[in-house]
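K.L.:
one predicted model, sequence on top.
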There are 2 protein chains.
Amino acid sequence: MRSAFFISDGTALTAEAFGNALLSMFPVKIKPVTLAFVDSEQKAQQACQRINQVYQETGHKPLIFHTFVNTEIKGIVTSANAVSYDFLDHFIAPVAAELDCAAQPKTHRTHGIHNDYDFRIDAINYALANDDGSNLSNYEEADLILVGVSRTGKTPTSLYLALQYGIKAANYPFTEDDNMEQLKLPESLKSYRHKLFGLTLDADRLHHIRSKRREGSRYASMAQCRFELQQVENLYRREAIPFIDSTRFSVEEIAAKILAETNLERHRF
Amino acid sequence: MRSAFFISDGTALTAEAFGNALLSMFPVKIKPVTLAFVDSEQKAQQACQRINQVYQETGHKPLIFHTFVNTEIKGIVTSANAVSYDFLDHFIAPVAAELDCAAQPKTHRTHGIHNDYDFRIDAINYALANDDGSNLSNYEEADLILVGVSRTGKTPTSLYLALQYGIKAANYPFTEDDNMEQLKLPESLKSYRHKLFGLTLDADRLHHIRSKRREGSRYASMAQCRFELQQVENLYRREAIPFIDSTRFSVEEIAAKILAETNLERHRF
């Protein structure tokens, strides 16, 4: 199996994003290794040795995806027996020409602390304090209120929106207390319907997820999952609450779809 | 101000990562717009109109950073009055040659549901159930136990590690209950010391953060912040617990530093 190294003198998050996006285009299994904070000549030499060792052991040159700011360190790493891809190098000149401005490379600019950093931490604290319908009085402050039956992905989605984008997302679970037989929009949500976004799932998938939690329970039964999902989807349609079926989507995709539909601002960048 | 569009027929996360990494090299203020799921000719035409409108209003061509799989949709978007950068295009041929394999572009391969997806959701549930020392009996299962005094970034870091990498990180706060005057490693942590990782902060920063929470309290006072941090840093040194001062670091950087120091596996990719 070929190996790929994602290397940087910073977090290597950009090198990972760049390398993974490229490698995902090929139906080839690759062994990934991330080397972050390679920010001294000594660490660069260690990285170089590690890469050369893979080459010696496998007979194949590893692929290196890197984003170095320090050119000396880059020189050491790219002297390894490997194939190097440097996406910054290729694009800096055309972007510099277009912006009519010289590049001023600086480590940690991409994933360092920005002004909006406290904002993201506040959003995480908000998501935690308003998880699972635990705090019905704080919805004034919410950018978004995720609704859905238990185990449809509300909590991971609200945490992701907070961490990535500084968006304050509360979440409210529809439960037996809401009278599932004749599900109506709860009083506590009525004044905030413009902030509501619904999640739903395949009954099969929900049954699978709930069974991992409470196997054999009524809560996890196919019949109950089907019933709850039907009730909640009817409610979404009746009340014109936008919603998505998250069965085949990752947290990243769910979050991106919600942002695309609601036009909420991404605070991060 | 110049505008930049990050556009894709998927989540646009890769286009954002690519564009932001490049733009961060330049000391220029840019207005960012993300257009995700531009996956039909109609949506492509709308995107095109929106880009052209910015050009008309500002007299400057917007920059477009895109990662389209569908070439027809890409053709429509890049026909706008803008400057396009397509990082996939440039690198696909050399990587294909190196891997001796044709590219098979497919939407949603980068940020879609992978096999490790349940793994990440399990890790989030684990982080939530083991937040703030709430569950001392589950440490067997932890990949990592973050320790530190109150408000030093343990919770956001554990959630980020779970969401991004599927790493199960518990967190344990040192409090008055641990007898801060003579801080020792709590009994509940002793068998797991190989999993411990400490966080600390500048006293100034901790004072600022705690004051936002409980202004004027003893808890938030400079004296108390200084005292607690001194105690906890002494403990880290005495017990040889690896730790970082997170004052000037973002969650991404803290997480990347922890991974770099502990060699924990990144499950995501």
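P.N.:
Received the coordinates, thanks.

K.L.:
bridged to A:Gly148, which residues?
P.N.:
Beta-bridge pairing for A:Gly148 (DSSP bridges): A:Pro173.

K.L.:
right, and it touches A:Leu199 too?
P.N.:
Yes. Shown here, A:Gly148 and A:Leu199 form a contact pair, counting by C-beta atoms under 8 Å, at 3.8 Å. (C-beta placed from N, C-alpha, C; glycine too.)

K.L.:
ok, these two, which is more surrounded?
P.N.:
Taking other C-beta atoms under 10 Å in any protein chain shown, A:Gly148 and A:Leu199 do not tie; A:Gly148 has more neighbours (27 against 23).

K.L.:
any idea how far that one lies from B:Leu144?
P.N.:
30 Å (C-beta to C-beta, to the nearest Å).

K.L.:
now A:Thr34: closest residue in space that isn't a chain neighbour?
P.N.:
A:Phe6 (4.6 Å; C-beta to C-beta, 6 or more residues apart in numbering or on different chains).

K.L.:
and the one you found, that one's in a strand?
P.N.:
Yes. Assessed by DSSP: H, G, I helix; E, B strand; the rest coil, A:Phe6 belongs to a strand.

K.L.:
quick one, what contacts it?
P.N.:
Residues in contact with A:Phe6 (C-beta atoms under 8 Å, 6 or more residues apart in numbering or on different chains) are A:Ala12, A:Ala15, A:Glu16, A:Gly19, A:Asn20, A:Pro32, A:Val33, A:Thr34, A:Leu35, A:Phe65, A:His66.

K.L.:
quick check: the farthest pair among these?
P.N.:
A:Asn20 and A:Leu35 (14.8 Å; C-beta to C-beta).

K.L.:
right, and A:Ser3 touches A:Thr58 too?
P.N.:
Yes. With contact defined as C-beta under 8 Å, A:Ser3 counts as touching A:Thr58 (7.0 Å).

K.L.:
who touches both of A:Gly148 and A:Leu199?
P.N.:
Contacts common to A:Gly148 and A:Leu199, judged by C-beta under 8 Å, 6+ apart, are A:Lys154, A:Phe243.

K.L.:
pull out the buried positions in stretch A:14-29.
P.N.:
Neighbour-count burial for stretch A:14-29 flags A:14-26 (criterion: 16 or more other C-beta atoms under 10 Å in any protein chain shown).

K.L.:
kindly reformat the residues you listed as CSV containing distance to chain B.
P.N.:
Shown next, in CSV, are the buried residues of stretch A:14-29 (distance: C-beta to the nearest C-beta, whole Å):
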residue, distance to chain B
A:Thr14, 4
A:Ala15, 9
A:Glu16, 7
A:Ala17, 4
A:Phe18, 7
A:Gly19, 9
A:Asn20, 6
A:Ala21, 4
A:Leu22, 5
A:Leu23, 7
A:Ser24, 4
A:Met25, 4
A:Phe26, 5
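
K.L.:
for those residues, which one is nearest B:Ala169?
P.N.:
Once C-beta to C-beta is applied, the member of these that ends up nearest B:Ala169 is A:Glu16, at 19.2 Å.

K.L.:
so after the host helix or strand of that closest one, what's the next helix or strand?
P.N.:
A:Glu16 belongs to helix A:13-23 when elements are defined using DSSP states H and E. Remark: after helix A:13-23, the chain's next helix or strand is strand A:30-35, criterion DSSP H and E.

K.L.:
what angle separates the following helix or strand past that following strand from strand A:30-35?
P.N.:
Per DSSP H and E, the first helix or strand lying C-terminal to strand A:30-35 is helix A:41-58. Counting by axes from the mean of the first three to the mean of the last three C-alpha atoms, to 10 degrees, helix A:41-58 lies at 160 degrees to strand A:30-35.

K.L.:
ok, whatever helix or strand comes next after helix A:41-58 near chain B or not?
P.N.:
Downstream of helix A:41-58, the first helix or strand assigned by DSSP H and E is strand A:63-67. Yes. With C-beta under 8 Å from any C-beta of the partner chain as the criterion, chain B is reached by strand A:63-67 at A:Leu63, A:Thr67.
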